[in-house]
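In: please find the sequence and the predicted model below.
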Amino acid sequence: MTARMIDGRAIAAALRAELADRVAAAPVRPCLAIVVPTPDEGTAWYVRQLSRTADRLGIECRVVGPPVGADELVARLAELSADDTVHGVLCQTPMPAGITAVQAGSAIDVAKDVDGANPRSAGLLAAGATAYPPATAAAVLHLLRAEGVELAGRDAVVVGRSTVVGKPAATLLLAEQATVTVCHSRTRDLAEHTRRADVLVAAVGRAGLLGAEHVAPGAVVIDVGTNPTADGGLVGDVRTDEVAEVAAAITPVPGGVGPVTTATLLSHVVRAATPS
Ligand code: NAP
């Protein structure tokens, strides 16, 4: 079997086209404020990409810098949360000394917490209430929906339990009535669990951790991992070529989850600006 390659770029483009229409019809111009608390090359690149995409869709993007300390960071996030002209607030990592991502996220109003950084957002989601999940976790679900993957009653296995990807992805899969297993670094016999998956989500950050021996025939595999290679490229957590011989469908890296994450984050901003 050769798996279908899930085209994240095309799925992201369709979502962006829908967003551009919604922005054009919106009574206000959606605005995302991004706070960049520490200088970091990777973060700067991501923020430039996000700003460019936002701009093309008619979404205002305010990048708030320069680098700030812990107290000033909390004050900025609270200020932006209280600003009526701002609809979404995003705080980039790495954090400055003296503050954790959870502490910073707690300063973002839940209604504007478009990347699910406030632990209250996670709690609301777990309780089945409305809140924004982290964009990457939401992108995993968007990809599965776009591919028409049935989730109710199916076995979903998530490898990774971070608060930004693994745990919220598991929460969202559970809300879709999947039977969810979460694996992590202390899991014994990883393959025994992952081979039961109809839907396998890899969110670890270890190049090529999962191979054909971890995947059931016919599974759908979503590879969230982004691991830089020595030649400046990017690979996922899944050995794509060999897993493609077993799985029914798989996301490539790059071109899978990444582009959908950006579009999903902006969809949260548009939703925050135009609550129904
Ligand atoms: P993280 O915070 O480092 O979490 C990694 C998780 O993987 C942890 O739960 C860890 O377990 C688990 N793990 C580590 N080694 C393992 C092993 N050998 N077997 C099973 N589980 C293992 O990473 P993250 O922030 O969730 O990110 C995960 C990956 O997704 C990274 O490559 C990151 O770059 C990528 N990512 C991509 C996007 C995107 O838009 N495409 C967005 C965000 C992140 P413990 O909890 O036990 O330590």
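Out: Yep, it's here. Residues are numbered from 1 along each chain as shown.
In: surely residue 225 is within a strand?
Out: No - remark: residue 225 does not belong to a strand; assigned using DSSP: H, G, I helix; E, B strand; the rest coil, it is coil.
In: pLDDT value on it, please?
Out: In this model, residue 225 is scored at 98, pLDDT.
In: just the element for the residue of the stretch 1-150 of the chain at minimum distance from the ligand, please.
Out: Across the stretch 1-150 of the chain, no residue is closer to the ligand than residue 136, which sits at 3.9 Å (Cβ to the nearest ligand atom). (Glycine included, C-beta is placed from N, CA and C.) Assignment of secondary structure by DSSP states H and E places residue 136 within helix 135-146.
In: which elements pack onto that helix?
Out: Secondary-structure packing of helix 135-146 (3 or more Cβ pairs under 8 Å, 6 or more residues apart in numbering; DSSP states H and E): helix 8-25, helix 166-175, strand 220-223, helix 257-273.
In: give me the buried positions along the one helix or strand residue 73 maps to.
Out: Residue 73 belongs to helix 70-82 when assigned by DSSP H and E. Of the residues in helix 70-82, those buried under the neighbour-count criterion (16 or more other Cβ atoms under 10 Å) are 70, 73-74, 76-77, 80-81.
In: what do you get for stretch 222-240?
Out: 222-227, 235-240.
In: can you give me the first-to-last residue distance of it?
Out: Stretch 222-240 has an end-to-end distance of 10 Å (criterion: Cα to Cα, to the nearest Å).
In: close to the ligand, is that stretch?
Out: Yes - contact of stretch 222-240 with the ligand (Cβ under 6 Å from any ligand atom) involves 224-227.
In: just to revisit the earlier point, most tightly surrounded among the helices and strands packed on helix 135-146?
Out: strand 220-223 (a mean of 28; mean count of other Cβ atoms under 10 Å).
In: in its sheet, what does it sit against?
Out: For strand 220-223, sheet partners with direction are given as strand 199-202 (parallel), strand 249-250 (parallel), following DSSP bridges.
In: please give the centre-to-centre distance between that strand and its chain.
Out: Centroid separation for strand 220-223 versus its chain: 14 Å, with Cα atoms, centre = their mean, to the nearest Å.
In: span of stretch 203-213 from start to end?
Out: 17 Å.
In: and it, average pLDDT?
Out: The average of the pLDDT scores along stretch 203-213 is 98.
In: hmm, who's touching stretch 107-124?
Out: If you take Cβ atoms under 8 Å, 6 or more residues apart in numbering as the criterion, stretch 107-124 is touched by 32, 73-74, 77-78, 80-82, 86-91, 101-102, 104-106, 125, 130-135, 137, 163-164, 167-168, 171, 265, 268-269, 272.
In: go with 6 Å
Out: When contacts are taken as Cβ atoms under 6 Å, 6 or more residues apart in numbering, the neighbours of stretch 107-124 outside the stretch itself are 74, 77-78, 81, 88-90, 102, 105-106, 131-135, 268-269, 272.
In: cool, and stretch 82-95?
Out: Stretch 82-95 has contacts (Cβ under 6 Å, 6+ apart) with 30-36, 38, 40, 43, 80-81, 101, 104, 108, 112, 114-115, 269, 272-273.
In: circling back: and after the helix holding residue 136, which helix or strand comes next?
Out: Moving on from helix 135-146 towards the C-terminus, the next helix or strand you reach (DSSP H and E) is strand 155-159.
In: cheers, nothing more for now.
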